[in-house]
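Engineer: A predicted structure for the sequence below; I have some questions about it.
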Amino acid sequence: MKFRELLAEVSSEVAEYRQDICNTIILGLIIGTRRKCIYHIFRTFQALAESIGLTEKRFYMFLQSSKIPLDRMWKVIYKLLGEEMLENGKIIIALDDTTYGKSGKKISGANTHYDHAAKQNCSKYVWGHCRVLIGILKSIHGRWACLPLAQSLYVPAKNAGKDFETKIDAAGRLIGAFSRIVNSEILVVTDSWFGNKSLWKHFCELPVKVHILTRLRIDSVLYGFPNHSVKKRGRKSKYGARLRKLPELALGLQKKIGQFMIYGKIRECNYAEFECMHKGFKMPVKVVLVYMKNRVFPILSTDTTLTAQEMIENYSVRWKIERVQRTET
């Protein structure tokens, strides 16, 4: 399919008098500008836009409209992608949140947010937007890319009132809506803030199987498998003995050496792997410990069929969503 036909099919869900604006935005995001934001996209195509009667006011009114059929547009994109979304038989989704500042005091949706990633010489509180983002991770010609899927604006409880939705609930809603469109297994790659039982509850009743690959908190409590060979009275135990803390556990495990594609380069690292029970997810999980100079980096997956190489490499490409976040700002 030619690009012009592809663009026409995606924008066909938009009203005919708005299709030129939609095509301009899509072209700007694909071709790119010095700064990938809406303002610079319009400036790049301003001469072309004005030739077809597209003024700056009409451009921004389109962006502020609540009637843009984004859900139907994404369904068209999913249908066109088909099996191209799959990576080793799964759809890999990156999940993260981003906070970025705004200067205006009357910007819609702007609030004061805590920025946990703020530098030491910057304020921990930012006036601006906070968004929950999800995107498809896909290896294209040996390089990983992130295709943005959906986003949700996070508004603090004191400003949202009855419509308040936590970041984890927003993430569960976005991934749940996507899972009802596709028919393939989904692997959600995220950090330890999202990767917990609160997010897992959203995935238990979805039409497709959804797994989580996340960083494991260093103070997490893990349990062994129960020993059912010894007969006892009462209900069978779901969990075995409590395991030692991860730093102590890492010292007693047998290390392996492997070469993995991490951050775009082949790197050699020491690692150990084991399976155990996790009370938060209430199921068996697989844990991989990556040994660094002075610490251990633990990652966990609810999909125990993943190899250690797949877990390490898939978690490392999670950072591709950072590029999507910079585009949003």
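Structural biologist: Cool, got the structure. The structure displayed is predicted, hence computed values, not measured ones. Residues are numbered from 1 along each chain as shown.

Engineer: and the nearest residue to N270 once chain neighbours are set aside, what does it touch?
Structural biologist: Leaving aside its chain neighbours, N270 sits nearest to Y291 (4.1 Å; criterion: Cβ to Cβ, 6 or more residues apart in numbering). No exception for glycine: its C-beta is placed from N, CA and C like everyone else's. Going by Cβ atoms under 8 Å, 6 or more residues apart in numbering, Y291 touches A250, K255, C269, N270, Y271, A272, F297.

Engineer: Buried subset of the residues you listed as a PyMOL selection?
Structural biologist: Here is the PyMOL command that selects the buried residues among the contacts of Y291 (16 or more other Cβ atoms under 10 Å):
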select buried, resi 250+269+271+272+297
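
Engineer: Reformat the contacts of Y291 as JSON lines; add pLDDT.
Structural biologist: Listed next are the contacts of Y291 as JSON lines, based on pLDDT from 0 to 100:
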{"residue": "A250", "pLDDT": "89"}
{"residue": "K255", "pLDDT": "91"}
{"residue": "C269", "pLDDT": "90"}
{"residue": "N270", "pLDDT": "92"}
{"residue": "Y271", "pLDDT": "94"}
{"residue": "A272", "pLDDT": "94"}
{"residue": "F297", "pLDDT": "92"}
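
Engineer: Just to be sure, which of the contacts of Y291 are found in helices?
Structural biologist: Judged by DSSP state H, the subset of the contacts of Y291 located in helices is A250.

Engineer: Quick check: beta-bridge partners of P298?
Structural biologist: For P298, the beta-bridge partners under DSSP bridges are L289.

Engineer: Report the separation between it and M311.
Structural biologist: Noted for P298: a distance of 11 Å to M311, by Cβ to Cβ, to the nearest Å.

Engineer: so what sits against both of these two?
Structural biologist: Contacts common to P298 and M311, judged by Cβ under 8 Å, 6+ apart, are V288.

Engineer: any idea which helix or strand of this protein has the worst average confidence?
Structural biologist: helix 321-328 (a mean of 59; mean pLDDT, DSSP states H and E).

Engineer: What is the subsequent helix or strand relative to the helix or strand encompassing A47?
Structural biologist: Assessed by DSSP states H and E, A47 sits inside helix 46-51. Once the chain leaves helix 46-51, the next helix or strand it forms, by DSSP H and E, is helix 56-64.

Engineer: Show which residues not belonging to the helix or strand just after that next one make contact with it.
Structural biologist: Going down the chain from helix 56-64, the next helix or strand is helix 70-81, by DSSP H and E. With Cβ under 8 Å, 6+ apart as the test, helix 70-81 has contacts from 1, 6, 9-14, 85, 149-150, 177, 181-182.

Engineer: let's go with 7 Å and repeat that
Structural biologist: Under the contact criterion Cβ atoms under 7 Å, 6 or more residues apart in numbering, helix 70-81 has outside partners L6, E9, V10, E13, I181, V182.

Engineer: Now, of those, which are buried?
Structural biologist: V10, E13, V182.

Engineer: The last one in helix, strand or coil?
Structural biologist: Counting by DSSP: H, G, I helix; E, B strand; the rest coil, the backbone at V182 sits in coil.

Engineer: so what's it up against?
Structural biologist: Contacts of V182 by Cβ under 7 Å, 6+ apart are Y78, I91, V208.

Engineer: do the same with the second one
Structural biologist: Contacts here follow Cβ under 7 Å, 6+ apart; on that basis E13 touches P69, R72, M73, V76.

Engineer: Quickly find the element holding it.
Structural biologist: Using DSSP H and E, E13 falls outside every helix and strand.

Engineer: pLDDT score for it?
Structural biologist: pLDDT recorded at E13 is 81.

Engineer: Tell me how many other residues crowd the closest residue in space to it that isn't next to it in sequence.
Structural biologist: Closest residue in space to E13, ignoring its immediate chain neighbours: R72 at 4.3 Å, by Cβ to Cβ, 6+ apart. Using other Cβ atoms under 10 Å, the number of residues around R72 comes to 11.

Engineer: Please apply the same query to V210.
Structural biologist: V210: 25 neighbours (other Cβ under 10 Å).

Engineer: With that, I have no additional questions.
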